[in-house]
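Visitor: Generate coordinates for the sequence data below:
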Amino acid sequence: MKRRSLLQGVGAGATALALPARLRAASATTLRFTPQQDLVTLDPILTTGYITRNHAYMVFDTLYGMDGNYRATPQMVDGHRIEEDGRRWDLTLRDGLFWHDGEPVLARDCVASLQRWGKRDVFGASLMAVVDELSAPDDKTIRFRLKKPFPLLPIALGKASVPVCAMMPERLARTDPFKPVPEIIGSGPFRFKADERVAGSLNVYTKFEKYVPRRDGALSWTSGPKVVHYDRVEWRSIPDSGTATAALLSGEQDWQEYAYHDQLPLLKRTRNVTTRVLDPTGFVTMLRLNHLHPPFDNPEIRRALWGAFSQSDCMQAIVGVDDPALFHVPLGFFCPGTPMGSEAGLDVLKGPREIEKARQAIRDAGYKGEKVVIMAGNNTAAGMALGSVAVDVLTRVGMNVEIYAVEFNAMLQRRNRRDRPEDGGWSGFVTTWSGTDWLNPAVHMALRADGSYAGWSVDERINGLHDAWFDAPDEAAQAAICRDIQLQAMRSVPYVPLGQYMQPTAYRNGITGVLDGFATFWNVRPA
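Guide: Predicted coordinates:
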């Protein structure tokens, strides 16, 4: 799908934006940011949306951070003490932590926050399954008593994958984890200005003057001292990609979260704009299959798809060029270039595609012409590109396909329906994940094989390997288990990986200090 280009150059696009004059005259203390899409969900544990994750790291803080080597580092905690052969952890909060309403951060606030998060997060659920007691013996101490050692506890609490383990006041953390909190109050470096929010258009954050950054640690991803240099950050949603890029080029906006691939040549030619890939794990993509209903309840039909999909075609539909710096294939079930990633079992994804062979295999497996409904988010270029390729491939192998292309959040609502496709359900959906969400079995929601994730795949062997991974003695043993998980996933096909691509960001040279990882707003300052 070809995205909309800049209409008549920078001037026309900037005029179309029609921002208020006060924004155009904003001082250097205001950072003007264009997010990837509109911020719809404000509660950080209710969604896996990355826009909400980015919002969460502004407003909320976490007990631990994660650095660029995917290791946990202390953030809200001063440190921890491990006793009783790894079955007791005492986490000590550092001094000077306050909520945005002025109240001090207490250990019981964090206990309630952990309990709420643990009901929604896959890594959190694995941790809570071995917790005998989670308590606050005093205002500074968070105590875990465990049924067995869980050495991954710090990275469970500090991982940058979704949903964020955000700390909030106890009165808010007691909210039903399947309902939104009534206020957005955190202890992070920015306050959320609910009174200035314009749904679909504007979200505003102001510097939290009582925030005390860590005094130690290296700045890396969500680790280290979070020092804020702007008094105010304004997120202005601009759905049209051409208008968003024009606003950056004209100086109406300072930073565009996603530099659209079809506009990269223009951005790279612009002298006062920098383009960079912040996250080396990029985005990993998939066609998730519904295991409840025909035709993809049949594992032989699912396996027949391996010979039909070209990951290179999928990636070029997104990035527009055959540039090895912008995408990677083959993609398996863990993020390439990370400790758990491998090419075990991926030979079937290499070489020419065999459409006729796949068509025959699908017929032989018993496909009876059932309707196949493929869902795609139409407010993202990647979603529509992947949806278009998926529909084309499935049609070419003889399936009766229709696409359901709607705004991403509307797609998520239908995704949770278990009805047959002809009754309002679905057969498959395309989506993208940050590579950090495919780092290992602990965070990999889409690879859970216990029927808990939409698509409802069940695979007892994957479940057993998942549990064994937590007990593996070292990284080499963990990696061996992940290779076995990948080999089994190639047989049971919970989803079809479609490739990995890199997503650059773009910002004007009037700002500096943009950190690697994803869009965070501490350390960023006027150049």
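Visitor: which helix of the chain spans the most residues?
Guide: Counting residues, the longest helix found in the chain (DSSP state H) is helix 475-492.
Visitor: Following element in sequence after that one, please.
Guide: Heading C-terminal from helix 475-492, the first helix or strand you meet, by DSSP states H and E, is strand 495-501.
Visitor: what's in contact with that next one?
Guide: With contacts defined as Cβ atoms under 8 Å, 6 or more residues apart in numbering, strand 495-501 is touched by 282-289, 305-306, 309, 311-312, 314-315, 318-319, 326-333, 335-336, 349, 382, 386, 389-390, 430, 435, 446, 455. From N, CA and C alone the C-beta is placed, and that goes for glycine too.
Visitor: Tell me how far it lies from the chain's centre.
Guide: Chain-centre distance of strand 495-501: 15 Å, with Cα atoms, centre = their mean, to the nearest Å.
Visitor: I'd like the C-alpha coordinates of it written as CSV, please.
Guide: What follows is strand 495-501, C-alpha atoms only, in CSV (Å, rounded to 0.1, in the frame of the first residue of the first chain):
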residue,chain,number,x,y,z
TYR,A,495,1.3,-17.8,14.2
VAL,A,496,3.2,-17.1,11.0
PRO,A,497,6.2,-14.8,11.6
LEU,A,498,6.4,-12.2,8.7
GLY,A,499,9.8,-10.6,9.3
GLN,A,500,11.6,-7.9,11.3
TYR,A,501,12.0,-4.3,10.3
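Visitor: Touching the following helix or strand past it from outside, list them.
Guide: Per DSSP H and E, strand 495-501 leads on to strand 504-508 as the next helix or strand towards the C-terminus. Outside strand 504-508, the residues that touch it by Cβ under 8 Å, 6+ apart are 245, 248, 251, 254-259, 264, 267, 272-278, 514, 519.
Visitor: how does it look with 6 Å?
Guide: Contacting residues not belonging to strand 504-508 are listed as 254-257, 259, 267, 272-278 [Cβ atoms under 6 Å, 6 or more residues apart in numbering].
Visitor: Please apply the same query to stretch 79-96.
Guide: Contacts to stretch 79-96, defined as Cβ under 6 Å, 6+ apart, come from residues 77, 78, 140, 141, 142, 143, 144, 145, 146, 149, 153, 212.
Visitor: Just the buried ones among those, please.
Guide: 77, 140, 141, 142, 143, 144, 146, 149, 153 (16 or more other Cβ atoms under 10 Å).
Visitor: could I get these as a markdown table with secondary structure?
Guide: Putting the buried ones among the contacts of stretch 79-96 into a markdown table (DSSP: H, G, I helix; E, B strand; the rest coil) gives the following:
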| residue | secondary structure |
| --- | --- |
| 77 | strand |
| 140 | coil |
| 141 | strand |
| 142 | strand |
| 143 | strand |
| 144 | strand |
| 146 | strand |
| 149 | coil |
| 153 | helix |
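Visitor: hang on, the earlier thing: now the longest helix of the chain, how far from the chain's geometric center?
Guide: From the chain centre to the centre of helix 475-492 is a distance of 22 Å (Cα atoms, centre = their mean).
Visitor: Can you name the residues that contact residue 329?
Guide: 311, 312, 499.
Visitor: same check, this time on residue 108
Guide: 136, 170.
Visitor: Keeping just the C-alphas, turn the helix or strand encompassing it into CSV.
Guide: Assigned by DSSP H and E, residue 108 belongs to helix 107-118. The C-alpha coordinates for helix 107-118 follow below in CSV (Å, rounded to 0.1, in the frame of the first residue of the first chain):
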residue,chain,number,x,y,z
ALA,A,107,6.1,0.2,50.1
ARG,A,108,2.4,-0.7,50.4
ASP,A,109,1.6,1.4,47.3
CYS,A,110,4.1,-0.7,45.4
VAL,A,111,2.8,-3.9,46.8
ALA,A,112,-0.7,-3.1,45.5
SER,A,113,0.7,-2.0,42.2
LEU,A,114,2.6,-5.3,41.8
GLN,A,115,-0.5,-7.3,42.6
ARG,A,116,-2.6,-5.5,40.0
TRP,A,117,0.1,-5.8,37.3
GLY,A,118,0.7,-9.4,38.1
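Visitor: Could you shift the numbering so residue one becomes 213, and keep it that way?
Guide: Sure thing, new numbering starts at 213, so read that last one as helix 319-330.
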